[in-house]
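Visitor: One predicted model, sequence on top.
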Amino acid sequence: MLLEVKDLNVHYGKAQAIKEISIGIEEGKIITLIGANGAGKTTILRTISGLKKPTSGEISFEGRQIVGLSLHEIVKLGIAHVPEGRRVFATMTVLENLKMGAYLRKDKRGIEEDLERLYEHFPVLKARRAQPAGSLSGGEQQMLATSRALMTTPKLLLMDEPSMGLSPILVEEVGKIIHDINRDGITIILVEQNARMALNIADYCYVLEVGKISMEGIGEDLVNNEDVQKAYLGG
Amino acid sequence: MKAGNKIPFMTIALILLLLLPFIIRSNYILHLIIYVAIYSILGMGFSMMWKNRLISCGQAGFFAVGAYTSTLLVTRTDLSFWWTLPLSGIASAFFAFIIFSAALRAGPLVFFGMSLVSSFIIMEVLGTVEFFGGWEGILDIPSASIGSFFFYGKISNYYFVMILLILNIVVFYALYKSRIGRAWTAIGSSVSLAEAQGINVYRYRLAASTIACFFAGVVGAFYAQYQNLLVPNSFSFQLSIYVQMYALLGGLSHFIAGPIIGAGIMVFLPEYLRVANEYQPIYFSILIILIVIFLPGGILSIPQRVPWLAGKFGKKKEESVMVNE
Amino acid sequence: MDVALFFQCMINGLAIGGIYAVVASGFTLVLGTMKIFNFAQGEFYMLGAFVTFGVCETLHLPYVFGIIAALLAMALLGVILQRVIIRYTYGGFFHTVLATIAFATILRQTAVITFGKTDSFMYPVVKGRLELGEIILNNDKLLLIFMGIVLIILLHYFLKLKVGKAMRAVTEDQEVAGLQGINSRRIFIFTMALGCGLAGIAGALIVPVFGATADMGHGIFVKILLVIIIGGMGSMPGALLAAFIIGLIESFGYQLIGSYNELALLFCMLPILFFRPGGLLGRPLAIPE
Ligand SMILES: Nc1ncnc2c1ncn2[C@@H]1O[C@H](COP(=O)(O)OP(=O)(O)OP(=O)(O)O)[C@@H](O)[C@H]1O
Ligand SMILES: [Mg+2]
């Protein structure tokens, strides 16, 4: 197991957002968390990346406890988080955004190489590298946010609703990108409202309902499950 | 407290207020109580703006506008003090309206800055422009009078200011209970939600600041005839800060009781501690820092969270790690 | 107004504008990055002046040491303010503001008690003046303008460095900056040191020209507020522009209309706010709730 979450509880003030959740992911796999609005998907990712402190529970990454570590330590260990709503640094240029992703890295050569590779993958980013990131379209911002996370050279990538607000064609594109990233050996936890796309590419799925896991299994099984079809796949 | 219990309580409080000068019989203490009332009115004005999540750093300035308006009218024209009393409020409210109608367009942060800047400039102008009497101030301001009765001693002024204070409380209370007050509450809890409900945030905020400054102006007129002299330096920024501090000490979420309790404590406390004047601002400041850190809800929040220390340190672990780090 | 007087006013305005610019840019850094409205900025400026005064007049060290001492001392004091007080104010924006106001009051009152209310003058660092026909320019004012501009340029390039960019990232989105591995605690300490240090340097620059008084901090703070309101809260270019504009308005205004100057300044800014609520070059910055 690359990452193992055990008996996690998370509260906002007195309200409990996550109740006794345990999930695990093996190296090189994609897992997905699906669930309705407010189910707690974002909260799980935020807790893993250290943005939110859990009330109790364990999170181990490569066998090491990471609860309580500060953000930059977690980034250094190799966990990157593409936050919900992309949140690019709007007034900074595309290139500056990407360089921020490489903030902790010292290998100038490696950074240049990674930039080139990303530019190859996303030619738009190269074309717009001197523009402020706020002027990019939604899809482009998603590419930027993802690339920025990749610049931290993560082993585990947390993606929070990458397809949010994108047109159906772009959603498919996002699916492909996630697949490509995964093929390069990066493990991925994907949170999606767009359950169909997520279920198709994921190796294993968890369905979340008000802070609890209500179902889990491999993608195909869940796609064929009646309850899931009713609730998340539109009948 | 239920509404039913409030009426006897209020009656007792009123009778007590009425009899107080005869119970106390110390001019000095009456003098301090008059100050508590003045500061309470200023503090309630601050709280009215705070209810809209506006921070005013300039109550002293609007207080000064009222005081000088009344004084100039009384000494330079034949107008009776009683006419100048509302006029002072109007002058102050007008001034606030002009400044804040511009500042509020830019949002609360600019409101905050502008309130401070304008009160500073008011003081500078009062001090430097000859017409207003200069830094030495204006002396020999006549006391208010009805017929041949002059509001000269402590007792008469005590009743005068108490009437103002009660009037202020009643008006503010009525406002808070009204539709306007509910809109203010909505704005205070979330500006974006209030906007979504169709509340014109700009207008309601402007109304709150104008009303608050009206009362600051009125009590300014009282202050001028009570002191019989005005010096620009007594309207310094320090006074505005003290006003904020009273509201904070009492409890920021208690818009009427908070400032009164805060002012009551802070006017009397130094008298009993006998601090050298020079050091007083330092001690006050240390106190502010302590309250801000350990009792952000003020004194009135103590009953709600008796184990407040535990609450404090519990909170530290629970909140998002981003706060203040 | 003749040519000589015009240039006199011009130089005075630019000199004082340069000082405003340095103090205001420090303030803006702290406000933008940490969302802290640092009321003590003016007092750091005042103490910077006294530190330089002490180093040069009492210890008889060269002026350069005075400047460095002011920078370091105020940077340290700023960090202390952040680490010891601000960090523990959980009540929100207003509580933090009050804490910095209280800190400012402590500094000012301590200065009043220690140094009294009279001015402390130190020897001029540069003497003489530049005469171009009728026009007479004092060298010390020219030096002030020069130093102001140098500092602004240095700051500009500094913000282009990696740490400067990290500061901008934290300014925009503290959480996401953290997700890139930026240690925001360190950035905060650094920002506070830089922001307050700039005020200290400004104080060090002003003391040979105008001397130091215990209440100079409050006066400049009000001007800094004007600067950032007109320039746009949190906008660095706006603050710089507005600083020079206000410096010039002040120096010409004083010459032309005397004591009504301040009132005129207040009414000048109302239309600006009305038609450009975000200030000349800024967007309205929200108070963090
Ligand atoms: N900052 C916060 N403060 C208080 N409560 C919060 C906060 N963030 C989330 N919550 C609550 O926690 C619960 C889980 O929220 P979360 O954002 O994790 O859901 P989600 O599954 O990501 O939803 P969505 O699909 O809308 O993104 C919700 O009930 C939400 O109201
Ligand atoms: Mg979410």
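Guide: Yep, that arrived. Numbering: from 1, shown residues only, chains lettered A, B, ... in the order given. Ligands and ions are numbered 1, 2, ... in the order given.
Visitor: mind saving the C-alpha coords of stretch C:82-90 as PDB?
Guide: What follows is stretch C:82-90, C-alpha atoms only, in PDB (Å, rounded to 0.1, in the frame of the first residue of the first chain):
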ATOM      1  CA  GLN C  82       3.900  38.700  14.700                       C
ATOM      2  CA  ARG C  83       5.200  35.700  16.600                       C
ATOM      3  CA  VAL C  84       4.300  36.800  20.100                       C
ATOM      4  CA  ILE C  85       1.000  38.600  19.600                       C
ATOM      5  CA  ILE C  86      -0.700  38.500  16.200                       C
ATOM      6  CA  ARG C  87      -0.300  34.800  15.900                       C
ATOM      7  CA  TYR C  88      -2.500  34.200  18.900                       C
ATOM      8  CA  THR C  89      -5.400  36.500  17.900                       C
ATOM      9  CA  TYR C  90      -8.000  34.100  16.800                       C
END
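Visitor: That one near chain B at all?
Guide: Yes. On the criterion CB under 8 Å from any CB of the partner chain, stretch C:82-90 is in touch with chain B at C:85, C:86, C:87, C:88, C:89, C:90. Every C-beta, even on glycine, is put in place using the N, C-alpha and C of the backbone.
Visitor: Pull the contacting residues for the residue in chain A that ligand 2 sits nearest to.
Guide: Nearest residue of chain A to ligand 2, counting by CB to the ion: residue A:42, 3.0 Å away. With contact taken as CB atoms under 8 Å, 6 or more residues apart in numbering or on different chains, residue A:42 is in contact with A:84, A:160, A:191.
Visitor: Reformat those residues as CSV; add neighbour count and secondary structure.
Guide: Shown next, in CSV, are the contacts of residue A:42 (neighbours: other CB atoms under 10 Å in any protein chain shown; DSSP: H, G, I helix; E, B strand; the rest coil):
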residue, neighbour count, secondary structure
A:84, 16, coil
A:160, 24, strand
A:191, 25, strand
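Visitor: quick one: residue C:148 from residue C:255, how far?
Guide: Shown here: residue C:148 relative to residue C:255, a distance of 21 Å by CB to CB, to the nearest Å.
Visitor: Mind checking which of those two has more residues around it?
Guide: Using other CB atoms under 10 Å in any protein chain shown, the more surrounded residue of residue C:148 and residue C:255 is residue C:148, with 26 against 16.
Visitor: element containing that one?
Guide: Element membership for residue C:148 (DSSP states H and E) is helix C:139-158.
Visitor: Give me the contacts around that helix.
Guide: Applying CB under 8 Å, 6+ apart, the external contacts of helix C:139-158 come out as C:11-12, C:14-15, C:17-19, C:21-22, C:25, C:124-130, C:164, C:198, C:201, C:205-206, C:208-209, C:240.
Visitor: So for chain B, the centremost residue is which one?
Guide: Ranked by distance to the mean C-alpha position of chain B (CA atoms, centre = their mean), the top residue is residue B:42 at 1.4 Å.
Visitor: what packs against the helix or strand containing that one?
Guide: Using DSSP H and E, residue B:42 sits within helix B:27-51. With contacts defined as 3 or more CB pairs under 8 Å, 6 or more residues apart in numbering or on different chains; DSSP states H and E, helix B:27-51 has these neighbours: helix B:3-24, helix B:59-76, helix B:154-177, helix B:179-189, helix B:201-227, helix B:237-250, helix B:257-273.
Visitor: how about the second one: buried residues?
Guide: To tie it back to what came earlier, the one meant is helix B:59-76. Using 16 or more other CB atoms under 10 Å in any protein chain shown as the test for burial, helix B:59-76 gives B:59-74.
Visitor: helices or strands up against it?
Guide: helix B:27-51, helix B:81-103, helix B:108-128, helix B:201-227, helix B:237-250.
Visitor: so does the worst-scoring helix or strand of chain A on mean pLDDT get close to ligand 1?
Guide: Here the helix or strand of chain A ranked lowest by mean pLDDT, DSSP states H and E is helix A:226-232, holding a mean of 75. No. Using CB under 6 Å from any ligand atom, helix A:226-232 never reaches ligand 1; the gap is at least 11.5 Å.
Visitor: Return that helix as PDB; C-alpha atoms alone will do.
Guide: This file holds the C-alpha atoms of helix A:226-232, laid out as PDB (Å, rounded to 0.1, in the frame of the first residue of the first chain):
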ATOM      1  CA  GLU A 226     -28.300  -0.700  -9.700                       C
ATOM      2  CA  ASP A 227     -28.100   1.700  -6.700                       C
ATOM      3  CA  VAL A 228     -25.100   3.300  -8.200                       C
ATOM      4  CA  GLN A 229     -26.700   3.700 -11.500                       C
ATOM      5  CA  LYS A 230     -29.700   5.300  -9.900                       C
ATOM      6  CA  ALA A 231     -27.800   7.700  -7.700                       C
ATOM      7  CA  TYR A 232     -24.800   8.700  -9.800                       C
END
